[in-house]
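Asks: Based on what follows, work out the 3D shape:
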Amino acid sequence: KKARALQSSTAKKMAKVYEALEEVDEKGEPAPNMETVLSILNDLRDNRDDLKSYDRSVMWNAWAYVYFSEGQYSQALDSYRKLMNEPESTIPLRTGALLSMGQLSMVQENYDQGIKYILQWMDEVEKVTAQAWSFLGQAYYAKEDYRKSFSSIEKAIKLAEEEGYKPRENWYVIMAANINELKDEIGEEKALLQQIDIYEILVNLYPKKQYFIQLGGSYGQLGRERDYMITLKAAYLKDFLNKESEYLALAQLLLLNKNPYWAADVLVSGQKKMITIVDEETEEETIEPVVKDTEKNLKLLADSWRMAQEIDKAIPILERSAEMSKDGNSYVILGNLYLSEDRVEQAIKAINKGLEKGDIKNLSQVYLTLGQAYFELQNFEEARTNFRIAARDKKKTVKTQANTWLKYTENEEIRVKNLALRRDYIQQNSSS
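Replies: Model prediction:
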């Protein structure tokens, strides 16, 4: 169509409309003079029969803009339809209206109509934008046509990259959601690999906690534990983690990948990080640590320090865990730690506490260890008692060890007594 021009009177009135729409307040914030806008547009609409078709199309475009700005979407759509019906409406006005009609239809959840308008717009313009493909992708997703949605969003991303700007965050999110819906069709493993590609882009372009968690979870589902650990660790370093389960998962992954010192450091950080908890019933707020000092958590921390050879740090933590524990196993581990530090009396005390609590794993081995501790203190009677209990075990290896220690204890007791007698004899002769 040839270029159009507004009638002089219409042009003057529309200039005032645009000027009123662009007014700002003292702070420079938009403050359109809607009284003036509506007064002029109402006058034009009331006398529309006196206007040329092109003038009416410009007026309907302005009305559509006003209605859209005020959230009156049905009226905005109606104004755009009237614009489209004007025989002298120009291509720019028509194409702009079609795209807006597509968006408005989607806002009203009329996705079929929205798709129809956008496809019509695509047929009438010389260049289809990435944004338009994204609108189409969103509409298809809402209609649960995941194949067409995926294809449309893929085109939007490709176009944006070709045009040299960063694709929108929600485009990648919709892509990942489409893949998830299509996983039965394309295969779960392939779907996970495709989602990983998307989440890797998201954590780089739009680094948010949810994308790190989703990326890590996808790695975990594929058994890529090291990649899962690296991703969670990156989220931790950005201070994104705020749930106990997330800290515990990272600590366990670090232990699995032989990084016990880091595991302990993560757990201690979680103990220090405070978050606000709101009671759903009373709405009262309490401030609590992310990683709570439960028996299980303390045991994990103690194990981490122990595996990192930080025994001095492990012992006080394990003491607290052992005290909370319902069974005696943590006290037994504590006793072994004391033994490794040559703190024999404390080792004996801890192991005996464990035996009092009961429900001990490898009970005969515990009695064997306790016997060895008493042996170190030359309390041969208690040592023999514990070795005899251990010797009752059905396992041949434990039984053999216990009997060997029994013989060794008897021989050592005789040797110590002989040394004492010889010392006494020397002292008596030297004094006389």
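Asks: For the lowest-mean-pLDDT helix or strand in the chain, what is the distance to the chain centroid?
Replies: Least confident helix or strand of the chain, by mean pLDDT, DSSP states H and E, is helix 396-431 with a mean of 86. In this view, helix 396-431 has its centroid 63 Å away from the chain centroid, taken as C-alpha atoms, centre = their mean, to the nearest Å.
Asks: List the buried residues in it.
Replies: Neighbour-count burial for helix 396-431 flags 398, 401-402, 405-406, 409, 413 (criterion: 16 or more other C-beta atoms under 10 Å). C-beta: built from backbone N, CA, C; applies to glycine.
Asks: Counting by contacts, list what that helix packs against.
Replies: Contacting helix 396-431 under the criterion 3 or more C-beta pairs under 8 Å, 6 or more residues apart in numbering; DSSP states H and E are the following elements: helix 363-376, helix 380-390.
Asks: what's the most buried one of the ones you listed?
Replies: helix 363-376 (a mean of 21; mean count of other C-beta atoms under 10 Å).
Asks: shaky segments in the protein?
Replies: In the predicted model, the chain carries pLDDT under 70 at residues 1-3, 431-432.
Asks: how close does the spatially most central residue of it sit to residue 181?
Replies: In the chain, the C-alpha nearest the mean C-alpha coordinate belongs to residue 213, at 3.0 Å (C-alpha atoms, centre = their mean). Look at residue 213 and residue 181: by C-beta to C-beta, to the nearest Å, they are 20 Å apart.
Asks: can you check residue 321 too?
Replies: For residue 321, the distance to residue 181 - C-beta to C-beta - is 45 Å.
Asks: Those two - which one has more neighbours?
Replies: Taking other C-beta atoms under 10 Å, residue 321 and residue 181 do not tie; residue 321 has more neighbours (24 against 16).
Asks: In which helix or strand does the more buried one reside?
Replies: Using DSSP states H and E, residue 321 sits within helix 311-324.
Asks: name the helices or strands packed onto that helix?
Replies: When contacts are defined as 3+ C-beta pairs under 8 Å, 6+ apart, helix 311-324 packs onto helix 295-307, helix 329-340, helix 344-357.
Asks: I'd like the ones you listed as JSON lines, with mean neighbour count and distance to residue 25 appended.
Replies: Shown next, in JSON lines, are the helices and strands packed on helix 311-324 (neighbours: other C-beta atoms under 10 Å; distance: least, C-beta to C-beta, whole Å):
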{"stretch": "helix 295-307", "mean neighbour count": "21", "distance to residue 25": "55"}
{"stretch": "helix 329-340", "mean neighbour count": "22", "distance to residue 25": "67"}
{"stretch": "helix 344-357", "mean neighbour count": "19", "distance to residue 25": "73"}
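Asks: tell me which of the buried residues of helix 396-431 is nearest to residue 288?
Replies: Closest to residue 288 out of the buried residues of helix 396-431 is residue 398 (45.0 Å), distances taken as C-beta to C-beta.
Asks: The closest one and residue 195: what is the separation?
Replies: Counting by C-beta to C-beta - residue 398 and residue 195 are separated by 51 Å.
Asks: swap in residue 315?
Replies: Taking C-beta to C-beta as the measure, residue 315 falls 44 Å from residue 195.
Asks: thinking again about what came up before, and the helices and strands packed on helix 396-431 as a markdown table, adding distance to residue 15?
Replies: As requested, those are exported to a markdown table (distance: least, C-beta to C-beta, whole Å):
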| stretch | distance to residue 15 |
| --- | --- |
| helix 363-376 | 94 |
| helix 380-390 | 102 |
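Asks: Reformat the helices and strands packed on helix 311-324 as TSV; add distance to residue 111.
Replies: Below are the helices and strands packed on helix 311-324 laid out as TSV (distance: least, C-beta to C-beta, whole Å):
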stretch	distance to residue 111
helix 295-307	48
helix 329-340	59
helix 344-357	64
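Asks: for those helices, which one sits closest to residue 158?
Replies: With C-beta to C-beta as the yardstick, what comes closest out of the helices and strands packed on helix 311-324 is helix 295-307 (46.2 Å).
Asks: Show me how far that closest one is from its chain's centre.
Replies: Per C-alpha atoms, centre = their mean, the centroid offset for helix 295-307 relative to its chain is 24 Å.
Asks: hmm, who's touching that helix?
Replies: With contact meaning C-beta atoms under 8 Å, 6 or more residues apart in numbering, helix 295-307 is reached by 244, 248, 251-252, 255, 260-261, 263-264, 267-268, 271, 291, 311, 313-315, 317-318, 320-321, 324-325, 330, 333, 337.
Asks: With stretch 88-108 instead?
Replies: For stretch 88-108, contacts defined as C-beta under 8 Å, 6+ apart pick out 1, 3-4, 52-54, 57-58, 61, 64, 68, 73-74, 76-77, 80-81, 83-84, 111, 113-118, 120-121, 124-125, 132, 135, 138-139, 142.
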